[in-house]
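J.: Kindly return the folded structure for what I paste below:
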Amino acid sequence: MSISILVNTSYLVAATLFLLGLQRMASPKTARSGIQWAGAGMLIATAATFFLPGLHNLALIAVALVLGTGLAWVSAKKVAITDMPQMVALYNGMGGGSAAAIGAVELLRFSELANRDTSHWSAQAIADLSARLPSNTVLALAVIGSAIGAVSLSGSIIAWAKLDGRLDKRVTFPGQQVFNLLVAVAMVMLGAWAAISLQPLAIISFFVVALALGVLMTLPIGGADMPVVISLYNAFTGLAVAFEGYVLGNEALIIAGMMVGAAGILLTRLMAKAMNRPISGVLFSNFGGGGQGAEISGTQKPIEAADVAAMMAFAERVVIVPGYGMAVAQAQHKIWELAQRLIERGVKVKFAIHPVAGRMPGHMNVLLAEAGVPYDLIADMDDINPEFANTDVSLVIGANDVVNPVAKTDPTSPIYGMPILDVVNSKNTIVIKRGKGTGFAGIENALFYADNTRMLYGDGAEAASALVSELKALDGGH
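T.: Numbering: from 1, shown residues only. Next up, the predicted model:
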């Protein structure tokens, strides 16, 4: 068996493992093994690449692999569960940056070939050089992949800075969308110039503008739209990898990139639907922009943990609605302990998850899975919304914009039209909240002022712990 056949067979095995892994990720029960299968596929593909004929600088590649693996291992071990969105944003950016780097290297290599002085070359030497130059298709895909990768890199870094609190929620200026459009047009024109002329200045200018566009696209993002952005850049990264895989003639990169890109596009559509936004709005509008909405009258009414525990202990149905605040407080374990106490008393408990709760797709699912919550107790928005009217107590911990009824009632609100969890229809609502501040969208929540809502102020983990203690007291200390 030749080396080429062995490498291609390995890529086929890797692609099969990618597909099987992706299929298993569709269910929370098999998601962990799906990740392991996909990881095994990537390991096989990486190992096979070392045997490609004509591959040079193996030592440098090995060093890069060791460093990358080591850094990823350490960061994954050290990162707190609350910082998972930031890590995902950075990893998206690294993937896009890698694709852009491949494109840059290849374009500069093509530039060096195309701009050689052949005035004293023989006809055969010139013919040999011409055969080494890329086709128009390869050049076009190199430029497109580089553009997408560069935008994903810089945009993901800005998203990370926003998620990590290092940058203000929204940065806007007059004429921003027109300016962004002009920058995008400039990127396209510079990309065409780079592909046609293969001049180093054109290539460098193209990358600078592409990186700037990623920053400009992400700066105006605000509100509860961050999961959509992360999903979008995930799709960008996959597409960039697939295009650069074609440039390199690497089947594994093409397949992996296409799968990531397709999954990312599908997820972005689902996230956009959950936010009631078209994809064009995701790409070309200010996320989370808009006014502050109508003024909300009334007052927030506090309640003590003992009273909340009594309400829940003697309820028939309880729905727990987690949000980003639960992640910040790392309260998922105490919340699950609380739910278990209620279940032992015969209370029917469910967890309601909004598709864009938190700061990344599936954020709440990850937290609840880490706490050990069985998947059959977790309900998505469409399934749980009809049940709120028959729910005795809804416990909201850390969720804000995704339960705000003004999304259905106030056309002047920046979140108007966004599908929400209909917690307002519950017989009683308890909101665990650190203070009286607004959510990520920066608007007041009408649910907090409703007649049937009571506010349990305090840290999420401490409040949940207090509820567990009060339930124990009701059970005689057991």
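
J.: Please name the residues that touch Lys433.
T.: Residues near Lys433 by C-beta atoms under 8 Å, 6 or more residues apart in numbering: Gly325, Gly398, Phe448, Met455, Leu456, Tyr457. In short, each C-beta sits where N, CA and C put it, glycine included.

J.: now it: how far from Val171?
T.: Counting by C-beta to C-beta, to the nearest Å, the gap from Lys433 to Val171 is 27 Å.

J.: follow-up on the earlier one: just the ones in helices from the contacts of Lys433, please.
T.: Using DSSP state H, the members of the contacts of Lys433 that fall in helices are Gly325.

J.: So which of the contacts of Lys433 wins on neighbours?
T.: Within the contacts of Lys433, neighbour counts (other C-beta atoms under 10 Å) peak at Gly398, which reaches 26 neighbours.

J.: Gly323 versus that one, what's the distance?
T.: Taking C-beta to C-beta, one finds Gly398 at 4 Å from Gly323.

J.: Same question for Ala45.
T.: Per C-beta to C-beta, Ala45 is found 38 Å from Gly323.

J.: Which one's more surrounded, the two?
T.: More neighbours surround Gly323 than the other of Ala45 and Gly323, with 28 against 23 (other C-beta under 10 Å).

J.: Next, the contact list for the more buried one, please.
T.: Contacts of Gly323 by C-beta under 8 Å, 6+ apart are His354, Ala357, Gly358, Met364, Val396, Ile397, Gly398, Ala399, Asn400, Val402, Val403.

J.: swap in Phe243?
T.: Phe243 touches Ala99, Gly103, Leu141, Ala142, Ile144, Gly145, Ile148, Gly257, counting by C-beta under 8 Å, 6+ apart.

J.: In CSV, please show the C-alpha coordinates belonging to stretch 394-402.
T.: This file holds the C-alpha atoms of stretch 394-402, laid out as CSV (Å, rounded to 0.1, in the frame of the first residue of the first chain):
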residue,chain,number,x,y,z
SER,A,394,-41.8,29.6,38.8
LEU,A,395,-38.3,30.2,40.2
VAL,A,396,-36.2,32.5,38.1
ILE,A,397,-32.5,32.5,38.9
GLY,A,398,-30.3,34.8,36.9
ALA,A,399,-32.6,35.1,33.8
ASN,A,400,-33.7,38.5,32.8
ASP,A,401,-34.3,39.5,29.1
VAL,A,402,-35.5,36.0,28.1
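
J.: what distance separates that stretch from the centre of its chain?
T.: Centre-to-centre, stretch 394-402 and its host chain are 20 Å apart (C-alpha atoms, centre = their mean, to the nearest Å).

J.: Can you point out the buried residues in that stretch?
T.: For stretch 394-402, the neighbour count (16 or more other C-beta atoms under 10 Å) marks Ser394, Leu395, Val396, Ile397, Gly398, Ala399, Asn400, Asp401, Val402 as buried.

J.: just those residues: which has the poorest pLDDT?
T.: Lowest-confidence member of those: Asp401, scoring 84 (pLDDT).

J.: That residue against Tyr416, yeah?
T.: No. Using C-beta atoms under 8 Å, Asp401 is not in contact with Tyr416; the gap is 11.6 Å.

J.: Need the overlap of contacts for the two.
T.: Residues touching both Asp401 and Tyr416 (C-beta under 8 Å, 6+ apart): Ala407.

J.: on that earlier part again, so which of the contacts of Gly323 are in strands?
T.: Members of the contacts of Gly323 lying in strands (criterion: DSSP state E): Val396, Ile397.
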